[in-house]
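Student: Mind looking at a prediction? Sequence and model below.
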Amino acid sequence: MKINNARYVESALHFKDLTRSDAPEIAFMGRSNVGKSSLINGLVDRKNLAQISKKPGKTRTINIFELSIQINGSNQKINFADLPGYGFAKTSTKMKHDWKRLIEEYVKKRHNLIGLILLIDIRHDADYKDIDAKNWIMAYEKPCLLVATKADKLNKSKVNLQKGRFVDQFLLIPEQIIVAFSAKSKIGKKEILAWIAQQVLLKNGDTVC
Ligand code: GTP
Ligand code: MG
């Protein structure tokens, strides 16, 4: 899969404000500050397509980006959805409730959603919110890829150790993979793009080899 172009489309505070799209969509989910926007920028090779927040918990909207890609020799569009992060300590009860409603409605009703990428910071064990998020994605029967972010902060053996801990904590089965990613070194980028391409091909009804 080759990405030829990427552009920002829109931000929506409420699900009903999102424009309907027929482009297959991959959503990025995870706690606030985990590196969702940085991962999107890293995948599309752009520094500021998705806004990197200095202060965690700022993003309250779903932000949609449209990518022009080449896959199996043909051109098509896909979307990336940058979802607001969860778990920010200073969030009020109402904001937590609004977040849950927005995400729940999005996963349930977004008809072009073909997969979710769940991000966890490689330096910390998963907590109940991360485990909940993964179980919840599974409950909606959406394909899910786990990405452990900020891999540049640990050495290689610690990265592998922590990946193993996540496999246990999330009770991953062999088909569910976990990729370590760094926005700095771009380690893991190829594997993540390969997973996305696989979801797009499955959606297109093409043979995945
Ligand atoms: P919210 O939108 O607030 O939910 O945050 P986010 O999940 O989009 O995180 P964002 O990409 O804005 O990154 C948060 C902070 O972590 C920024 O200061 C980034 O520069 C930093 N960061 C993200 N990814 C990496 C990485 O792979 N390595 C390092 N060292 N820092 C990273
Ligand atoms: Mg963000």
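Tutor: That came in fine, so what should we check first? Ligands and ions are numbered 1, 2, ... in the order given.
Student: ok now the helix or strand of the chain with the lowest mean pLDDT, how far from the chain's centre?
Tutor: Least confident helix or strand, the chain: helix 93-109 with a mean of 87, by mean pLDDT, DSSP states H and E. Relative to the centre of its chain, helix 93-109 is centred 16 Å away, using CA atoms, centre = their mean, to the nearest Å.
Student: packing partners for it?
Tutor: Applying 3 or more CB pairs under 8 Å, 6 or more residues apart in numbering; DSSP states H and E, we find helix 93-109 packed against strand 25-30, strand 113-121. From N, CA and C alone the C-beta is placed, and that goes for glycine too.
Student: which element is the residue in the chain that ligand 2 sits nearest to on?
Tutor: Residue nearest to ligand 2 within the chain: Ser37 (3.4 Å; CB to the ion). Taking DSSP states H and E as the definition, Ser37 sits inside helix 36-44.
Student: Kindly report the same for Lys163.
Tutor: Counting by DSSP H and E, Lys163 is found in helix 156-169.
Student: Please name every helix or strand in contact with the helix or strand just after that helix.
Tutor: Once the chain leaves helix 156-169, the next helix or strand it forms, by DSSP H and E, is strand 178-180. For strand 178-180, the packing partners by 3+ CB pairs under 8 Å, 6+ apart come out as strand 144-149, helix 156-169, helix 189-204.
Student: let's see 7 Å
Tutor: strand 144-149, helix 156-169 (3 or more CB pairs under 7 Å, 6 or more residues apart in numbering; DSSP states H and E).
Student: thinking again about what came up before, need the CA coordinates for the helix holding Ser37. PDB is fine.
Tutor: Only the C-alpha atoms of helix 36-44 are listed here, as PDB (Å, rounded to 0.1, in the frame of the first residue of the first chain):
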ATOM      1  CA  LYS A  36      -2.600   8.900  18.500                       C
ATOM      2  CA  SER A  37      -2.000  12.000  16.500                       C
ATOM      3  CA  SER A  38       1.700  11.300  16.300                       C
ATOM      4  CA  LEU A  39       1.000   7.900  14.900                       C
ATOM      5  CA  ILE A  40      -1.300   9.300  12.200                       C
ATOM      6  CA  ASN A  41       1.400  11.800  11.200                       C
ATOM      7  CA  GLY A  42       4.000   9.100  11.200                       C
ATOM      8  CA  LEU A  43       2.000   6.800   9.000                       C
ATOM      9  CA  VAL A  44       1.300   9.500   6.400                       C
END
